[in-house]
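Visitor: I would like to see how this sequence folds:
(one chain, ligands or ions: 2)
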Amino acid sequence: MRHSERYCFIGAGSMAEAIISGMIASCRTEPAMIHVINRQDRERLIYLHNRYGIQYRESQQKALSMAEVIILAVKPKDLTEALKQWGEFLRPHQRVVSVIAGIATPYIEEQIPQGVSVIRTMPNTSSVIGRSATAICGGRFTKESDLKATQEDFNAIGTTVLVDEKDMDAVTALSGSGPAYIYYLVEALVQAGVNEGLSPSVSRQLTTQTLLGASHMLQETGEDPAVLRQKVTSPGGTTMAGIETLKEHQFHMAITNAIHHARKRSEELGATFSPSITK
Ligand SMILES: NC(=O)C1=CN([C@@H]2O[C@H](COP(=O)(O)OP(=O)(O)OC[C@H]3O[C@@H](n4cnc5c(N)ncnc54)[C@H](OP(=O)(O)O)[C@@H]3O)[C@@H](O)[C@H]2O)C=CC1
Ligand SMILES: O=C(O)[C@@H]1CCC=N1
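Guide: Numbering: from 1, shown residues only. Ligands and ions are numbered 1, 2, ... in the order given. Modelled structure (predicted):
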């Protein structure tokens, strides 16, 4: 069912577009109810308007004050400047939803009028096709109803999970960045298929469907991934040979370290903003 809240995105980059295109494809929100504002790139606003039918105004300030939901979608390094520019126009009846990596709600709350509800989220780029995995946590002024409304917004573009703010850096490392790890794995698999003599298109088609099938197996059977893996792995067979090589190259350790490093980076991004904040 379509609903009647007005949204204003502060930031019109790739993540804003991923969420907007998912929102529109889900039919939950009319394009006319979505405004975008950015810093300077007017061509970008025109592109988004022409492509999705969403709105931009000469008075960006008006777009902001008319919205019930404000989505912060700037890069972490631009947040302080953006809040300086737009923060004073926010009001306690509005819901501020940040998709920004690393930055904790108390930092944002400090820069805007007292009492505005700030909700931190971490979606991913699969929002475009309605398949984001989004984690959500509330800030100091967030009511149950704000969390519920935010879950409904993001359920329209995938699935959601409520977490404590202390877990947001781990979430960012795992599912925010996650699509990139999977694409990196796919790049390697496709290239490996080509190295073994397959054409690039056949290798890509087989890899993509294998990934899709395995994802559906995980979701639809609910089985432990280790059990599913064992079912593919015949004793003395081909899979065992492949898995042994992955073990020799410390595949598990590489993934563990990658997620740990990404989580640390998320923490660092936040710490640059306000070392005094305890998350
Ligand atoms: N990419 C991903 O997979 C994910 C990203 N995120 C988060 O999304 C956020 C946005 O990332 P992304 O879309 O890649 O970034 P982009 O660089 O593509 O876009 C940033 C946008 O912010 C705008 N902007 C900068 N300063 C201001 C300002 N003062 N007022 C208004 N608008 C401003 C820019 O406008 P202009 O072009 O005019 O300068 C631009 O439209 C990041 O914080 C990231 O952590 C979260 C989940 C996943
Ligand atoms: O790489 C980044 O910092 C952002 C946050 C999660 C995905 N992309």
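
Visitor: Just give the number of residues close to the closest residue to ligand 1 within the chain.
Guide: Residue nearest to ligand 1 within the chain: G13 (1.9 Å; CB to the nearest ligand atom). All C-beta spots, glycine's among them, are computed from the backbone N, C-alpha and C. Neighbours of G13 under the rule other CB atoms under 10 Å: 16.

Visitor: Repeat that for T210.
Guide: T210 is flanked by 12 other residues according to other CB under 10 Å.

Visitor: ok, back up a step: show me the contacts for the residue of the chain closest to ligand 1.
Guide: Residues touching G13, when contacts are defined by CB atoms under 8 Å, 6 or more residues apart in numbering, comprise N38, R44, A73, V74, K75.

Visitor: interface residues of the stretch 101-250 of the chain facing ligand 2?
Guide: A101, T172, G176, S177 (CB under 6 Å from any ligand atom).

Visitor: Kindly indicate the member of those with the most neighbours.
Guide: Going by other CB under 10 Å, G176 tops those with 27 neighbours.

Visitor: Could you pull out the helices in the chain for me?
Guide: 14-25, 42-52, 60-66, 79-86, 105-111, 144-155, 168-171, 178-195, 200-221, 225-232, 238-248, 251-271 (DSSP state H).

Visitor: and of those helices, who's closest to N124?
Guide: helix 178-195 (5.3 Å; CB to CB).

Visitor: quick check, the closest one touching ligand 1?
Guide: No. Against ligand 1, helix 178-195 shows no contacts by CB under 6 Å from any ligand atom, the least distance being 6.8 Å.

Visitor: what's in contact with that helix?
Guide: Contacts for helix 178-195 (CB under 8 Å, 6+ apart): 124-126, 133, 200, 202-204, 206-208, 210-211, 255, 258.

Visitor: Buried ones from those, can you make that a PyMOL selection?
Guide: Restricted to buried positions by 16 or more other CB atoms under 10 Å, the PyMOL selection for the contacts of helix 178-195 reads:
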select buried, resi 124+125+126+133+203+204+207
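
Visitor: ok, and of the contacts of helix 178-195, which contact ligand 1?
Guide: Restricting those to those touching ligand 1 (CB under 6 Å from any ligand atom) yields N124, T125.

Visitor: Pick out whichever of the contacts of helix 178-195 sits closest to E81.
Guide: Ranked by distance to E81 (CB to CB), those are led by T125 at 24.4 Å.

Visitor: which residue packs closest to that closest one, ignoring adjacent ones?
Guide: Leaving aside its sequence neighbours, T125 sits nearest to A18 (CB to CB, 6 or more residues apart in numbering; 5.0 Å).

Visitor: For that neighbour, give me its contacts.
Guide: Going by CB under 8 Å, 6+ apart, A18 touches P123, T125, S127, V128, S132.

Visitor: Let's see that with 6 Å instead.
Guide: Neighbouring residues of A18 by CB atoms under 6 Å, 6 or more residues apart in numbering: T125, S127, V128.
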